[in-house]
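*Asks:* sequence-free structure coming up:
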C-alpha cells in the first residue's frame, strides 16, 4: 500500500462555507492538521494549546480547534491542529474513527468500518 490521499472539505465552525484540500491519511497521527491560514480564513478559533510529540520524537506546542469537515460524503465536527506553513496535511485517526472509516491495506482506499467499538 502506498500513500493514501483523500479530498477533504474544511468548513467554518457553522458548516456554511468550505475550502478543499488534499489530506494524507496518517494512521500514526491522532488529529487532522490543517494549515493555520485556512483555519483563520474560515474563522475557526483556537480552543487550547497543548504539547505534542512530533514524528521525530521532539515536542512542540500546537493549537487545537474544532470545526466541520466533509469526508466521503459526510459532514461532521472534528478536532483539528493549526499546522504551520510547509507542514503536511495529515488526516488523523480521530477524524477517521468519527467518520467510521478505515484504510483498506490492499486497495489503499478508505472503507466503511460499519462497526462501533465500545
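*Replies:* Arrived safely, thanks for sending. Since the model is a prediction, treat every value here as computed from it, not as a measurement.

*Asks:* Please determine how far the residue nearest in space to the middle of the chain is located from residue 59.
*Replies:* What sits nearest the mean C-alpha location of the chain, by C-alpha atoms, centre = their mean, is residue 32, with 2.3 Å. Note on residue 32: its distance to residue 59, by C-beta to C-beta, to the nearest Å, is 20 Å. C-beta: built from backbone N, CA, C; applies to glycine.

*Asks:* same thing with residue 26?
*Replies:* 18 Å.

*Asks:* okay, these two: which has more neighbours?
*Replies:* A direct count of neighbours by other C-beta atoms under 10 Å for residue 26 and residue 59 places residue 26 higher, at 20 against 9.

*Asks:* and the closest residue to that one other than its chain neighbours, how many neighbours does it have?
*Replies:* Spatial nearest neighbour of residue 26, excluding adjacent residues (C-beta to C-beta, 6 or more residues apart in numbering): residue 90 at 3.6 Å. Counted with other C-beta under 10 Å, the burial measure for residue 90 works out to 22 neighbours.

*Asks:* what do you get for residue 28?
*Replies:* Residue crowding around residue 28 was assessed by other C-beta under 10 Å; the count is 8.

*Asks:* now swap in residue 100 and tell me
*Replies:* In terms of burial, residue 100 registers 15 neighbours under the definition other C-beta under 10 Å.

*Asks:* For it, what are phi and psi?
*Replies:* When quoted as degrees, to the nearest 10, the phi and psi of residue 100 stand at phi 60, psi 50.

*Asks:* isn't it right next to residue 110, touching?
*Replies:* No - with contact defined as C-beta atoms under 8 Å, residue 100 does not reach residue 110; the gap is 10.2 Å.

*Asks:* If you count neighbours, what's buried in stretch 40-54?
*Replies:* Buried positions in stretch 40-54, judged by neighbour count with 16 or more other C-beta atoms under 10 Å: 42, 44, 52.

*Asks:* wait, isn't the second one in contact with residue 69?
*Replies:* No - in terms of C-beta under 8 Å, residue 44 does not count as a neighbour of residue 69; the distance is 10.7 Å.
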